[in-house]
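Enquirer: Give me the fold of what follows.
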Amino acid sequence: MKRAHLLLMLFGLLCGGAGAQSRPSTPPNMIVILADDLGYGDLGCTGSKQIKTPSLDRLAKEGVFCSRAYVTAPMCSPSRMGLLTGRFPKRYGITTNPNVKVDYLPESHYGLPQTEKLIPEYLKPYGYRSAVFGKWHLGHTKGYTPPERGFTHWWGFLGGSRPYFPVKKEAEGLSPSAIESNFTDKKDITYLTDDITDRAVEFLQEAGKDKKPFFMFVSYNAPHWPYQAKPEDIAKFKNVQNRDRRIYCAMVYAMDKGVGRILDALKKDGLERDTIVVFLSDNGGAPEAPSCNAPFRGAKRQHFEGGVRVPFIIRYPADKRLAAGSVCRQPVSTVDLLPALLKANGHQIPKKLDGMDILELVGNKKASVPRTFFWCTDYTSAVLDGDLKYLLVADRAPQFYSVTDDPQEQKDLYFSKHQDADPLAKKLGTYLTTTPACRFPDSISWSAKLMREYDRTTPDKQPE
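Expert: Numbering: from 1, shown residues only. Now for the predicted structure:
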């Protein structure tokens, strides 16, 4: 990371004042729109032949599509943690979702450690309001809820999933699937994707009036299981033969409509120019889901590209370095979002953060900045260093790929170029031995399932 930071600083000096003049003088707002278990190939702008996503395609035309964007974990909870902390989650002992409760650990052990500082806590001294709407999945006990982690506005559910349509009150009241809020009594559900969008639009209307800077995290649970969509949306995909795939397509379509409403509200309330909008997924589509991770190999829970490489769009009209309709091939990560906000507010990036300023990375047209990313579950781990990936899966030989020459990870280079793999093995070993052990274990059944998935995974293809 230090080498990468130095290269970026040198680039800035070489460019002189031209780059500085194109940077906005006003600290930006930021909206992060996060899909849940979205397949890489399930957007119009990523090649889908079945799902129309005009709002996200519009965002890509008005912003920058990052073709080598990565999350910090191939599953929901640690991926969200990495985004909000700007740190790889194993640095604070998180390697998996809280899938199973063990008797010897308290409920609070399953949340994002309180030692970690989140984006809204970093931004509070600069007068930012912070909102999160939708799925939390970062802890549901006292001390771990959004209002206790710096968010001024919270509406959503604390767990990992819940029904999209209304349920009986006795079921609704079971934490952590119940809808909660710290600012409104509107907790009734119509269709959850629409309801999350409603809260986001209402927040923007308020922000347009008071003009205070804000960070808004729109955390959709779509298109995560359970597969539920509105009949009128399902009808638009009647030619899709597989029932679950048909509903999944309708769920993505509904989310795209929600993104469109958010973009329209930004423009209407005069916030468009000074707001960074980021869209991405928390990880790849699940192997058991009717999603499509084409053209990549792998899925949720795996360190292949299909599990950790996600569609990522960033738009910021005030920053002239971000050319509309362009493609950024520079490796970027969700840990790069917090540093951008800190730099924009005149704050130096803390050394403990793993990210860099994403605006500088995306706006850099001259040279690629080398990056190093780590991923870890209970029994698997990987490091991406530049273009090379070193992957460890329990009880088998290491794997070694060049993800630029072989993005589908079909040519394992370990035995032919193991001398090139050795430096990555050392980096990964250092990372694993200098970071805490997992705060809570995954279930044996989940881990065994993961091993089987690694054995049978192949590159995805677009369904006709």
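Enquirer: Helices of the stretch 351-464 of the chain, residue ranges please.
Expert: For the stretch 351-464 of the chain, the helices defined by DSSP state H, counting those that start in this stretch cover 358-363, 418-433, 444-456.
Enquirer: go on, the stretch 101-250 of the chain?
Expert: 119-123, 169-172, 192-210, 231-234, 243-268.
Enquirer: how many neighbours does residue 56 have?
Expert: Counted with other C-beta atoms under 10 Å, residues neighbouring residue 56 total 26. Where C-beta positions appear, they are placed from N, C-alpha and C, glycine not excepted.
Enquirer: quick check: angle from whichever strand or helix holds it to helix 243-268?
Expert: In this structure, residue 56 sits in helix 54-62 according to DSSP states H and E. Here the directions of helix 54-62 and helix 243-268 differ by 50 degrees (axes from the mean of the first three to the mean of the last three C-alpha atoms, to 10 degrees).
Enquirer: just to revisit the earlier point, hey, which of the helices of the stretch 351-464 of the chain is tucked in deepest?
Expert: helix 358-363 (a mean of 24; mean count of other C-beta atoms under 10 Å).
Enquirer: Show me what the mean pLDDT comes to for it.
Expert: The average pLDDT for helix 358-363 rounds to 96.
Enquirer: Helix or strand with the lowest mean pLDDT in the chain?
Expert: helix 2-15 (a mean of 44; mean pLDDT, DSSP states H and E).
Enquirer: Looking at residue 368 now. What's its pLDDT?
Expert: For residue 368, the model assigns a pLDDT of 87.
Enquirer: returning to that earlier point: please save the CA atoms from the helix holding residue 56 in PDB.
Expert: C-alpha atoms of helix 54-62 as PDB (Å, rounded to 0.1, in the frame of the first residue of the first chain):
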ATOM      1  CA  PRO A  54     -32.200   1.700 -18.100                       C
ATOM      2  CA  SER A  55     -31.500   3.700 -14.900                       C
ATOM      3  CA  LEU A  56     -28.100   2.000 -14.200                       C
ATOM      4  CA  ASP A  57     -27.200   2.100 -17.800                       C
ATOM      5  CA  ARG A  58     -27.900   5.900 -17.700                       C
ATOM      6  CA  LEU A  59     -25.700   6.200 -14.600                       C
ATOM      7  CA  ALA A  60     -22.900   4.400 -16.400                       C
ATOM      8  CA  LYS A  61     -23.200   6.800 -19.400                       C
ATOM      9  CA  GLU A  62     -23.100   9.800 -17.100                       C
END
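Enquirer: so what does that helix touch, helix or strand wise?
Expert: helix 243-268, strand 275-281, strand 312-315 (3 or more C-beta pairs under 8 Å, 6 or more residues apart in numbering; DSSP states H and E).
Enquirer: Give the other helices and strands that the last one contacts.
Expert: Taking 3+ C-beta pairs under 8 Å, 6+ apart as contact, the helices and strands that strand 312-315 lies on are helix 54-62, strand 64-66, strand 275-281.
Enquirer: between these, which one is nearest to residue 28?
Expert: strand 275-281 (5.0 Å; C-beta to C-beta).
Enquirer: Just put the helices and strands packed on helix 54-62 in CSV and tack on mean pLDDT and distance to residue 386.
Expert: Formatted as CSV, the helices and strands packed on helix 54-62 follow (pLDDT from 0 to 100; distance: least, C-beta to C-beta, whole Å):
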stretch, mean pLDDT, distance to residue 386
helix 243-268, 98, 32
strand 275-281, 98, 22
strand 312-315, 98, 19
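Enquirer: could you redo the ones you listed as JSON lines and give each row distance to residue 322 and mean neighbour count?
Expert: Formatted as JSON lines, these follow (distance: least, C-beta to C-beta, whole Å; neighbours: other C-beta atoms under 10 Å):
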{"stretch": "helix 243-268", "distance to residue 322": "16", "mean neighbour count": "21"}
{"stretch": "strand 275-281", "distance to residue 322": "9", "mean neighbour count": "25"}
{"stretch": "strand 312-315", "distance to residue 322": "7", "mean neighbour count": "25"}
